[in-house]
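Engineer: Show me how the following folds:
(chains A and B)
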Amino acid sequence: MMWFAAFLLGLAALAFAFRFAGQVATGRAPYFRDMTFGVAYGYLLAAAALIWLVWAYVQGRSPDPLVANKFFFLRVAIEGFIFFTIAAWLFRILGRNVGTKQTKRLFRSMPLTAAFGVMIILVYIFVAVFAGVLAPYGQAEIIRGVPANIMPGGNVAMGGNPDFPLGTDQIGRDILSRLIYGAQNTVGIAFATTVIAFLLGGTLGFLAATFGGWLDQVLSRMVDVLMAIPSLIFALLLMTIASVWAPRLGIPQTYFMILIIAVIDSTRVYRLARAVGQNIVVMDYIEAAKLRGEGLGYLMFKEILPNATAPLLAEFGLRFCFVFLTIASLSFLGVGIQPPLADWGTMVRDLGGFVNFAQFAPMTATPPLLAAGAIALLAVAVNFVVDWALHRSSGLKD
Amino acid sequence: MTQEPLLKIRGIQIEGRSDETWTPIIKGVNLTLQRGQVMGLIGESGAGKSTLGLAAMGYTRDGVRISGGTVEFDGIDLLKASANVKRDLLGKRIAYVAQSAAASFNPAHRLIDQHIEGPVQHGLSGRKESAEDGVALYRKLRLPNPEEIGFRYPHQVSGGQLQRAMTAMAMSCRPDLIIFDEPTTALDVTTQIEVLSAIRDIVAQYNTAAIYITHDLAVVAQMADRIKVLLKGEEVETAETRTMLDAPTQQYTKSLWAVRSFERPTKPAVQTGAVPLVSVRNVDAAYGKEKVLHDVSFDMFAGRTMAVVGESGSGKSTTARCITGLLPPSAGQILFDGTALPADYRKRSKDQLRQVQMIYQMADTALNPRMSIGQIIARPVQFYLGLTGKAKRRRVDALLEQIELEPSEYFHRLPSELSGGQKQRIGIARALAAEPRFIICDEVTSALDQLVAEGILRLLARLQDELSLAYMFITHDLATVKAIADEVVVMKDGRVVEQGPKDEMFSPPHHAYTDLLLSSVPQMDPDWLSNLLAERGVDNIGDAAVNKM
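Structural biologist: Predicted coordinates:
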């Protein structure tokens, strides 16, 4: 602790020297002249962090496996970051030169983060659609003559098998295949759920905004009641009930899950649609349409909806992430997507024990982290794209 | 004048960023301001007045940069000065008064707390002294209850008072230069006077130099020693106020001056016994329990314009809402062509709705930003007249031609791609598309520049002659009334104070309130304000005068 405090203090002195040196070297150029001490300190702090990262990376590549294992995940993270940055950059160049005039223009104004997001989302869609072709084995296939818990990495000396690059799980299913199918199940179900949530919440929200009065009161109070219950616990409760009903009615439990999560999430969509709608309803063009004698459908879908698409689209992205995480957590808790369907949340739960090996055998710990990483990567990608879309629609300039 | 000028702007060039490129906003303007002098900057919106005003402080808005020229304030080059030097100057020696005081005050703090921020921050005086000084300034600016008004929050004082409090705040450090950016544009005429006279007095008293930005020529004539006219980022001409008013040399300046001369010929009086097209009969109306209209009655005839005049809050727009049926009156009725209209617009037939159309003040909010011009105008054509396909397109084209816009060029554009005046024309076309007999124009020109507004007024006048429309023209601008009205109704506090033909209304004797309104309209004569103050006495202007009624 002491040495860390000393380091920060030393950095403070260095920052002062750095700013002074900058002023002298550039002949008091406005940038250095008007630089506050905090900014100078920030520069040095960032430089120190960068130097440490480089050092840690070199350690991660050390020939001594004890040292290398300690920095294994940091090394992977750094390599992944560099890889994705380059990939996103190349992807953006591709987008700027290939495609229609509109998409080219879109890519020209796109920040790298958004390009990364779009790229990841496209990859996920591709994997989800072609899961059957891409996966070497079936998602529920227990492969004959292959032991369970093969080490990932395909290194025979370490207990791996080149046929199963990510190893097998506790009952001998191929983890790579299950990861690929997971994209189809988790993402597809999340998408369907979000769409239903938007149809429901959006329509009711606009209705409440246009009509106001008692309809608004009734709908809003109902939504308040639903929102007052913690959503995950509420979902768990309803899923438990559904697990009893589902076999009796002969409807797959997954349908119940889609409906339950859609209803719970539609309350949030309702609130947004109502708020956005209320801002639009007071506009003079709505008054003009009302005085023209227009019907409710025209008001809602021709006058209000086109002006609300930007915030709703942004919300769609965010809501999709939340739904997706809810499904993963429900699956993790055992009431979500049911085995043998492959799902990332379930995979994290089933393989979670391996994380304990992370310190001395990092490769063993990768399968649950890969499933969790697949969830995290999509969430980050969607958020990047949403950020960008919001920025564009709000008309903010830099 | 051998003395060194206070502010010297030389060849300043300012660029704004749009779509990844920098486009020039100000193209090399010079400005020299002596100590204690007031310079008026006028021009249409988009001429770069505000940008130039801000550049005088060495400041630009986001996405705008100064690309050339110099700004020298009292020998200090503001464009090269360090952030520390500028921080010391701004607020202390250069102050800024924004157009909307309501948006510029922090609503969460009391006026006096915001007032003393400047002097305390700059280390000029302690909290107590500057608060006392604030009270003294409030008194000089003739704010009511100067001792106590500082303890109010911004929403607790009126717009005119807030604007004066803001001027006091700008004065708090006794700056050498104040930049006034349209300080009275959002105010009623009666309130405008008190702000103008307060600003003028205090600027003269402390020998402060000022840049006064406005688009209202009559206002600038009262305030400025010199006037600079800007057009599209370039200077048109600069001269002493009197010289400029009496003998402008440039064509553009002359056209600005000429706007105020538009006036329609007086129409013959309405025949006795004629059935009014729209008749408002003893209407009372209320928002909840708050009664806002009291026994309002007047008649409007085909082919004629009724101007409804009054300050904000006088019930002009509420009357319009009663006529359209948005606010059903609590008593009285609206007759259209002799028959009573249902009070609620939902109960009116499609044809009854068609006959009454409305044009709004803010064209920005009156047009759906996601619909193209063609769609906006085509909707009523299809809705009321049932035209589709080619017939609909022909009708829309004809309407666009009627409002003097080229159909092929504008049909597919979005409202955001039009100028303010063009948007207002689209609003007119949408109203015309229903083929109504009666149109309510709610402050249609108040958000527009004078030249553009005149174009709209001429268009409305022409359409009235061609289509024999009846207009109800809501406005607080008496110059507009003079230009276009046939009859006038003056409203105050939800009551009709006076009504009659225009010529009668503009010639004495008046009702006391009408008289106050009329005399409060700024004239182009630079001595007008001084004469008016001499006549009324400083304690009998603005709110004070209104309250006496």
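
Engineer: contacts, neighbours, all on C-alpha from now
Structural biologist: Fine.

Engineer: Which positions in stretch A:306-317 come out as buried?
Structural biologist: A:307-308, A:310-317 (16 or more other Cα atoms under 10 Å in any protein chain shown).

Engineer: Would you mind listing what in chain B touches chain A?
Structural biologist: B:63, B:80, B:82-84, B:324, B:326, B:345-346, B:350, B:353-354, B:358, B:360, B:365-370, B:380 (Cα under 8 Å from any Cα of the partner chain).

Engineer: Can you say which of these are buried?
Structural biologist: B:82, B:324, B:326, B:345-346, B:350, B:353-354, B:358, B:360, B:366-370, B:380.

Engineer: Could you list which of those residues belong to helices?
Structural biologist: Among these, DSSP state H puts B:324, B:350, B:353-354, B:366, B:380 in helices.

Engineer: coming back round to it: looking at the buried residues of stretch A:306-317, which is nearest chain B?
Structural biologist: Nearest to chain B, judged by Cα to the nearest Cα, of the buried residues of stretch A:306-317 is residue A:307 at 6.4 Å.

Engineer: Could you check how far the closest one is from residue A:212?
Structural biologist: 19 Å (Cα to Cα, to the nearest Å).

Engineer: go on, residue B:282?
Structural biologist: 30 Å.

Engineer: repeat for residue B:412
Structural biologist: 34 Å.

Engineer: Equivalent analysis for residue A:125, please.
Structural biologist: 40 Å.

Engineer: cool, residue B:348 as well?
Structural biologist: The gap separating residue B:348 from residue A:212 is 21 Å, by Cα to Cα.

Engineer: nearest to chain A, of the buried ones among the residues of chain B next to chain A?
Structural biologist: The closest of those, once distances to chain A are taken by Cα to the nearest Cα, is residue B:366, at 4.3 Å.

Engineer: quick one: least confident helix or strand in chain A?
Structural biologist: Within chain A, no helix or strand scores below helix A:30-33, which has a mean of 78 by mean pLDDT, DSSP states H and E.

Engineer: can I see the domain layout of chain A?
Structural biologist: Chain A breaks down into these domains under automatic domain parsing: A:1-62, A:175-394.

Engineer: In CSV: the ones you listed, plus distance to residue B:92.
Structural biologist: Formatted as CSV, the domains of chain A follow (distance: least, Cα to Cα, whole Å):
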stretch, distance to residue B:92
domain A:1-62, 20
domain A:175-394, 35
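
Engineer: among those domains, which is the most enclosed?
Structural biologist: domain A:175-394 (a mean of 19; mean count of other Cα atoms under 10 Å in any protein chain shown).

Engineer: If we ignore the residues flanking it in sequence, what's nearest residue B:384?
Structural biologist: Among residues not flanking residue B:384 along the chain, residue B:434 sits closest, at 6.4 Å (Cα to Cα, 6 or more residues apart in numbering or on different chains).

Engineer: give the contact list for that neighbour.
Structural biologist: When contacts are counted by Cα atoms under 8 Å, 6 or more residues apart in numbering or on different chains, residue B:434 touches B:354-355, B:357, B:380-381, B:384-385.

Engineer: so how far is residue A:90 from it?
Structural biologist: 55 Å.

Engineer: Residue B:213 now?
Structural biologist: With Cα to Cα as the criterion, residue B:213 and residue A:90 are 50 Å apart.

Engineer: Tell me which of these two has more neighbours.
Structural biologist: Neighbour count, other Cα atoms under 10 Å in any protein chain shown: between residue B:213 and residue A:90, residue B:213 has more, with 26 against 15.

Engineer: ok, the more buried one touching residue B:49?
Structural biologist: Yes: with contact defined as Cα atoms under 8 Å, residue B:213 reaches residue B:49; the gap is 6.5 Å.

Engineer: so what sits against both of these two?
Structural biologist: B:41-42.

Engineer: Okay, residue B:412 and chain A: tell me how far apart.
Structural biologist: If you measure residue B:412 against chain A using Cα to the nearest Cα, to the nearest Å, the figure is 17 Å.

Engineer: what's the pLDDT at the closest residue to that residue other than its chain neighbours?
Structural biologist: Leaving aside its sequence neighbours, residue B:412 sits nearest to residue B:372 (Cα to Cα, 6+ apart; 5.5 Å). On pLDDT, residue B:372 comes in at 89.

Engineer: list the contacts for residue B:372?
Structural biologist: B:411-415.

Engineer: Residue B:54 now?
Structural biologist: Counted by Cα under 8 Å, 6+ apart, residue B:54 has contacts B:60, B:179.

Engineer: And for the residue of the stretch 51-200 of chain A at minimum distance from chain B, the neighbour number?
Structural biologist: Closest to chain B within the stretch 51-200 of chain A is residue A:109: 9.0 Å, counting by Cα to the nearest Cα. Using other Cα under 10 Å, residue A:109 is surrounded by 13 other residues.

Engineer: Any figure for the gap between the closest residue to residue A:337 other than its chain neighbours and residue A:151?
Structural biologist: In space, and not counting its chain neighbours, residue A:337 is closest to residue A:331: 5.5 Å by Cα to Cα, 6+ apart. Residue A:331 sits 24 Å away from residue A:151 when distances are taken as Cα to Cα.

Engineer: Skip the chain neighbours and tell me the closest residue to residue 138.
Structural biologist: Picking chain A for this. residue A:177 (6.5 Å).

Engineer: try chain B instead
Structural biologist: Nearest one to residue B:138, counting by Cα to Cα, 6+ apart, is residue B:146 at 5.3 Å.

Engineer: can you check residue A:96 too?
Structural biologist: Nearest to residue A:96 is residue A:104, by Cα to Cα, 6+ apart, at 4.7 Å.

Engineer: Next, the contact list for that neighbour, please.
Structural biologist: Taking Cα under 8 Å, 6+ apart, we find residue A:104 in contact with A:95-98.

Engineer: which one of the residues you listed sits closest to residue B:270?
Structural biologist: Proximity of the contacts of residue A:104 to residue B:270 (Cα to Cα) peaks at residue A:96, which lies at 68.5 Å.

Engineer: pretty sure the closest one contacts residue A:110?
Structural biologist: No: judged on Cα under 8 Å, residue A:96 makes no contact with residue A:110 at a distance of 9.7 Å.

Engineer: what's around residue B:153, how many residues?
Structural biologist: Residue B:153 has 18 nearby residues by other Cα under 10 Å.

Engineer: and the residue nearest to it when sequence neighbours are not counted, what is it in contact with?
Structural biologist: Counting by Cα to Cα, 6+ apart, residue B:110 is the residue found nearest to residue B:153 once chain neighbours are left out, at 4.5 Å. Contacts for residue B:110 (Cα under 8 Å, 6+ apart) come out as B:150-154.
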